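Chemist: sequence? don't have it. structure:
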């Protein structure tokens, strides 16, 4: 049995504000990984830029802390290069839905077997408080001085519309459910989105712990995650934000579709080119 | 009677969608099988149907590998064709085709009416006109009729029997027509055949580059289509299954470059293949490769820019862009193949160097090189040994250990006990984010030290011509053959040619080559002599004269000869 200490690091200087929802998510991730007995050496965390994207620095793992918005292409390539690795991306709403919006759409279409954790605090923290793609109507910032009037991006509805393989939302204030859903997302074969609602104690005075408590509700046990229309309805309904697993559609993963793994399961790093075949191709250009 | 000797230049011209490229493909291969040296290159419009496209096929008793303006035989397939290549038509050009097509455009005195579509209709349909043309040229060039029949059978093997038979018949009738032209003395063509050539290969730059990548161990190619580089990815996709390569068409070039870096991180060998506009989107990712010290192989097939430019044409306008792209300071290597053989070997080499020095390595080609074909003896994938430079990690592993050489051993996740940590922020030896400014300085120095390390591996420029010279002509990349042919025609004893297939870092010998020259002349397919500037920057020597072309077309032998002559007289 593993314990969470397997992921603990010494002498950490964490860059998050006291009371930040990121701490709870970090704990939930570590506990989920511990309970699933994911070995840190076989785990690759991939992140972009932002406060959430620093998470992989705070526990033991391989990680690729790349560019703002670009975690999904890197993660997909890592998984495709070595399907034996557990690959999880962790970044914020600005990184994933804003800068990385195009990758978000097409990674869902590609369906790599990765878990996409999104810390969604509906604000840009690291750049000091501008609106994010998920900021609510009327949310005032030093830039959106009259309040946000753009339509907030609905990541769950978007993912369901793209027939994402696994779509869930949790609230960082409920660590138990967050951990439980992260575990299911990691175990799920295929792309899994977990949008994690989280307060930003410094820059978001609207969507506070209290606000989230009041404005979220759990999906009923009777919710059928295989019903896409119902999942979409629940993702788009007004008033309160539902929490839970909205939609699950098991289907072949990107790696399973790839011809490179059809007869040979070896990760790409172990392979060498068959130069005899190259010679055959070259020779085929000699004659008729 | 017209007599054509040793080196015949044929131009096929017609609309997009008329199948001229098929005629080119079949003819070049058949001519090679018949023992001729061949070269072909095309200029096409950025459209699917209509317009005017042309293909040059040179048939010769000597090796030919460059573009010429001269047209000996012009075969128009559409109205507008003769006008399209009009400035290359001379009184010596023979028009060979249907009067009803070239009709009013007919420019010269030498025209031979060949009723291509009429013959095709007799066979069954005007759609066989191209095959009649193939037959006609085969007859004129004395292709063995057996080769014609066998090649066409092979080429059309996927079709039904009736289609095959009709094509064979169309070719046969075209052949008879061509043969008659020889027999009744209207045209005489004398090109020596050499049976040694029959066993050679014909490839274009795209195919050679792709084969070089495979031989270099490339097994991951995320790409977004963009002319003229798309051919590389298409070729690799078609061989992906048999060779175990992952080829994925992705949402954009930003995704492609980040996938390339992700794939190398996990131990794959990845390549990005794009053109200038796509590479512009990759600039951010390139900088990431610089920071995390990721290997990367990046092919840029240049075309005229800025912006969309001339999508299907050629230029050497992205050299300084490739050199300076990406924010921040980090080392890189830039190759510029001069020949189709170079496209193969430099790409293969690029994978080893990228892996060894953990730097981005560029292959800078252009439309002209990528879409030109010629015959040559062979390619040897075993000549360059595949080197893998990653290590198995232990629990003490630190990805960015301060190595004296600057090259910290590169681990990959899942191979060994250690953790492989990388960050686009400045980082410490482990790879964790840091704002320690002393570490920052040390890391910059460490990254830049790799540039010193790779000095020994810089490919020297190639000197063609006399070792003692007054004038030194300098070119890089795809202008290799065209300059050599022009210099040969020029026949000056005090003029030498220095060609660079590695344009950055520059080989240290460059300085002494320049010092020996009284006059230096640079030839570049761009408007601002970018390589000339690069030479001046790194050697202090200003280039005296420039021959520049930037209208989207490649240099012709005649053009270079003419320009050099004007300088030398």
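Modeler: Structure's in. What do you need? Not measured: the values here are computed from a predicted model.

Chemist: For the rest of this, base every contact and every neighbour count on C-alpha atoms.
Modeler: OK.

Chemist: Could you list the residues in contact with stretch B:112-127?
Modeler: B:94-99, B:128-130, B:132-133, B:166, B:169-170, B:173-174, B:177 (Cα atoms under 8 Å, 6 or more residues apart in numbering or on different chains).

Chemist: out of these, which are buried?
Modeler: Buried subset of those (neighbour count, 16 or more other Cα atoms under 10 Å in any protein chain shown): B:94-99, B:128-130, B:132-133, B:166, B:169-170, B:173-174, B:177.

Chemist: what stretches of chain A score poorly on pLDDT?
Modeler: Chain A contains residues with pLDDT under 70 at A:288.

Chemist: Show me where it has its strands.
Modeler: Ranges of strands in chain A, per DSSP state E, are A:43-47, A:62-65, A:86-92, A:115-120, A:166-171, A:192-197, A:216-218, A:241-248.

Chemist: Quick check: neighbours of the last one in the sheet, parallel or antiparallel?
Modeler: For strand A:241-248, the paired strands and their directions (DSSP bridges) read strand A:166-171 (antiparallel), strand A:216-218 (parallel).

Chemist: mind listing which of the buried ones among the contacts of stretch B:112-127 are in strands?
Modeler: B:94-97.

Chemist: Quick check: residues of the stretch 1-150 of chain B near chain A?
Modeler: B:29, B:33, B:150 (Cα under 8 Å from any Cα of the partner chain).

Chemist: Also the stretch 251-400 of chain B?
Modeler: Looking at chain A, the residues of the stretch 251-400 of chain B close enough under Cα under 8 Å from any Cα are B:251, B:254-256, B:258-263, B:265-269, B:285, B:288, B:378-382.

Chemist: For ChimeraX, what selects the buried ones among these?
Modeler: The buried residues among these can be selected in ChimeraX (16+ other Cα under 10 Å) with this line:
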select /B:251,254,255,256,258,259,260,261,262,263,265,266,267,268,269,285,288,378,379,380,381
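
Chemist: what about chain B, any weak spots by pLDDT?
Modeler: Ranges of chain B meeting pLDDT under 70: B:1, B:104-109, B:569.

Chemist: Give me the domain ranges for it.
Modeler: B:2-199, B:205-376, B:390-456, B:462-568 (automatic domain parsing).

Chemist: Need the winner for burial among those domains.
Modeler: Of the domains of chain B, the one with the most neighbours on average (mean count of other Cα atoms under 10 Å in any protein chain shown) is domain B:205-376, at a mean of 25.

Chemist: That one spans what distance, first to last residue?
Modeler: Start-to-end span of domain B:205-376 (Cα to Cα, to the nearest Å) is 12 Å.

Chemist: With mean neighbour count as added columns, please give the strands of chain A in a markdown table.
Modeler: What follows is the strands of chain A, written out as a markdown table (neighbours: other Cα atoms under 10 Å in any protein chain shown):
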| stretch | mean neighbour count |
| --- | --- |
| strand A:43-47 | 28 |
| strand A:62-65 | 28 |
| strand A:86-92 | 26 |
| strand A:115-120 | 28 |
| strand A:166-171 | 28 |
| strand A:192-197 | 27 |
| strand A:216-218 | 15 |
| strand A:241-248 | 23 |
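
Chemist: Columns distance to residue B:520 on top of those, output as TSV?
Modeler: Output for the strands of chain A, formatted as TSV (distance: least, Cα to Cα, whole Å):
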stretch	distance to residue B:520
strand A:43-47	51
strand A:62-65	48
strand A:86-92	55
strand A:115-120	58
strand A:166-171	65
strand A:192-197	61
strand A:216-218	75
strand A:241-248	68
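
Chemist: Of all those, which one comes closest to residue B:338?
Modeler: Proximity to residue B:338 (Cα to Cα) singles out strand A:62-65 among those, at 37.1 Å.
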